[in-house]
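Undergrad: For reference, the sequence and a predicted model appear below.
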Amino acid sequence: MVAPRKPKTSFYCSRCGAEHSKWQGQCRECAEWNCLIEERRPSAPSRGGPVRAEASSLSAIGIEKQPGFTSGIVEFDRVLGGQLLPGMTVLLGGEPGIGKSTLILQAAEAYSRHGLKVLYMTGEESLPQIKRRSDRLRVTGENITVVNSNSLEQMIEQIGTNNHQIVIIDSIQTVASELFDSPPGTVAQVRETANKLISMAKAGGWALFLIGHVTKEGLVAGPKMLEHMVDTVIYFEGDSAHLYRMLRAAKNRFGSVAETGIFEMAEQGLVEVANPSSLFLTGHSDEPRSGSVVAGIVEGNRPLLVELQALVSTAGYSNPQRVAGGIDNKRLSLLLAILEKRCDYPMGTNDVFVSVAGGLKLSEPGIDLPLLAAIVSSLMNRPIDPKTILIGEVGLSGEVRPVTMVDRRINEAARMGFTRMILPQANLDKITDRPLELIGVTNLQQALEVVG
């Protein structure tokens, strides 16, 4: 009697998806520790001889122009690069409950209204659940075909029997192939299913949306190579406690990654925000308040005005607290060290709490100067003129460094009714059009004296 063959197994990295023949403590590709998972390796299909690769001169390559798909949702189309191209693959990531399925269902309805046939395949929701959500969003879905399945083989069969231009998979972590014994969402499953669907989209000339969950680090769950396989990676971000949502691109082979789309969560779904500055300055008062400063930032290519708030109080313990909402906590500690070292403010004996009003998460260095001004305002209990706006990056020696796209920030501040702006002197020297009072500063101490 012949003993059955033991199935071949491999070890896959849960971070980058690299394959290893045996277990080891560290992945040789991404250098992460204790991240290898054992999974059965599918039998490789027999292949013919090697296929000769075609070579051509770069100048002789012709490009066939293909018409793209537009949804009519301006904020959505902007992030995708203006249009959705045939064969284009898009990975949409976001935290659970942030509104990914709502956004993609509204986009599917918008595409269907332009005569495009959409295939919506979900493994998370039943058909009655999708119908209830579509009724709430007022989605008619005349050209939308909905399929409930989490089998890759069933999805391939549905794709082959439907004449469509756009396919939506919600979500890629729920899809499983029969080639693997592992459950859906594992490294091997995500890699195999995504690779097969992307190859079919390229060959068939239809656009593909893959929806993915994110980890605690804010990255799409599954192997990192998933982001390299697709053409565009967009993230849907926001705070569930606030109404706004932001759509931003992390990768785009057919457009700029500097574009952002801003939506507001309403009862009937997501609504585009045409004037985001007014949304984030909703609670800003014209009455002077200590610890409140308006900063001019740029998200992608779009200028925004946001309110930064700070609260400084005497520390009740030997180790003062540093609590930051909307900015990096380590960045706050660094700025407080600069403030104490260069300007002699006693920050080591005070608790400091800072927040970006509206729940927006910022990483731009141009908020350094307004944030420090808000902290000093709260410490000294001296309000700052509510019609004054600040921008500028602060270096370790206390110098105020220039920022990018300063013209757009100035025009946005003037449009919103602000009368004075404090900005780096290096930026001021290059500005010709001055719709409001501009004051240039070279260091932090000078900026704080100008403020008040």
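TA: Noted; the coordinates are in hand.

Undergrad: pLDDT below threshold where in the stretch 301-450 of the chain?
TA: Within the stretch 301-450 of the chain, no stretch falls below the threshold (pLDDT under 70).

Undergrad: cutoff 90 now
TA: 301-302, 315-319, 326, 346, 348, 357-363, 429-430, 432-434 (pLDDT under 90).

Undergrad: all strands for it, in order.
TA: 302-314, 322-325, 350-356, 388-390, 393-394, 400-401, 420-424, 437-441 (DSSP state E, counting those that start in this stretch).

Undergrad: Count residues in the vicinity of residue 396, would you?
TA: Residues lying near residue 396 (other C-beta atoms under 10 Å) number 10. Using the backbone N, CA and C atoms, a C-beta is placed for each residue, glycine as well.

Undergrad: List the residues that contact the nearest residue to it once chain neighbours are set aside.
TA: Leaving aside its sequence neighbours, residue 396 sits nearest to residue 338 (C-beta to C-beta, 6 or more residues apart in numbering; 6.3 Å). With contacts defined as C-beta atoms under 8 Å, 6 or more residues apart in numbering, residue 338 is in contact with 372, 394, 396, 398, 444.

Undergrad: Residue 396 versus the closest residue to the fourth one other than its chain neighbours, what's the distance?
TA: When you say that, I think you mean residue 398. With C-beta to C-beta, 6+ apart as the criterion, residue 398 has its nearest non-adjacent residue at 3.6 Å, and that residue is residue 342. Separation of residue 342 from residue 396 (C-beta to C-beta, to the nearest Å): 9 Å.

Undergrad: Equivalent analysis for residue 281, please.
TA: For residue 281 relative to residue 396 (C-beta to C-beta), the value is 31 Å.

Undergrad: again with residue 451
TA: Here the criterion is C-beta to C-beta. By it, residue 451 lies 21 Å from residue 396.

Undergrad: same question for stretch 154-161, mean pLDDT?
TA: Averaging pLDDT along stretch 154-161 gives 90.

Undergrad: Just the buried positions in it, please.
TA: 155, 158, 159 (16 or more other C-beta atoms under 10 Å).

Undergrad: Report the beta-bridge partners for residue 308.
TA: Under DSSP bridges, the beta-bridge partners of residue 308 are residue 293, residue 356.

Undergrad: I'd assumed residue 370 was in contact with it.
TA: Yes. The pair residue 308 / residue 370 is scored as a contact, 5.4 Å apart, by C-beta atoms under 8 Å.

Undergrad: what's the overlap in contacts for the two?
TA: 293, 294, 295.

Undergrad: Closest one of the residues you listed to residue 30?
TA: Using C-beta to C-beta, residue 295 is the member of the shared contacts of residue 308 and residue 370 that lies nearest residue 30, at 36.1 Å.

Undergrad: Name the residues that touch the longest helix anywhere in the chain?
TA: Secondary structure of the chain per DSSP state H: the longest helix is helix 187-204. Helix 187-204 is contacted from outside by 12-14, 17, 37, 39-40, 42, 87-89, 152, 155-156, 159, 167, 169, 172-173, 175-177, 179-180, 182-183, 207-208, 210, 221-223, 225-226, 229-230, using C-beta under 8 Å, 6+ apart.

Undergrad: same check, this time on stretch 412-422
TA: Contact partners of stretch 412-422, identified using C-beta under 8 Å, 6+ apart, comprise 277-278, 281, 294, 296, 303-305, 369, 385, 387-392, 409-410, 435-439, 441, 447, 450-451.

Undergrad: Which among those residues count as buried?
TA: 277, 281, 294, 296, 303-305, 369, 387-392, 409-410, 436, 438-439, 441, 447, 451.

Undergrad: wait, residue 167 sits on residue 208?
TA: Yes. Using C-beta under 8 Å, residue 167 is in contact with residue 208, at 5.2 Å.

Undergrad: quick one, strands of the stretch 1-150 of the chain?
TA: Going by DSSP E, counting those that start in this stretch, the stretch 1-150 of the chain shows strands at 9-13, 19-20, 36-40, 89-94, 118-122, 144-148.

Undergrad: Quick one: the ones you listed as a markdown table, columns for mean pLDDT and mean neighbour count too.
TA: A markdown table is the format used below for those (pLDDT from 0 to 100; neighbours: other C-beta atoms under 10 Å):
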| stretch | mean pLDDT | mean neighbour count |
| --- | --- | --- |
| strand 9-13 | 78 | 19 |
| strand 19-20 | 78 | 15 |
| strand 36-40 | 74 | 17 |
| strand 89-94 | 92 | 24 |
| strand 118-122 | 94 | 24 |
| strand 144-148 | 93 | 18 |
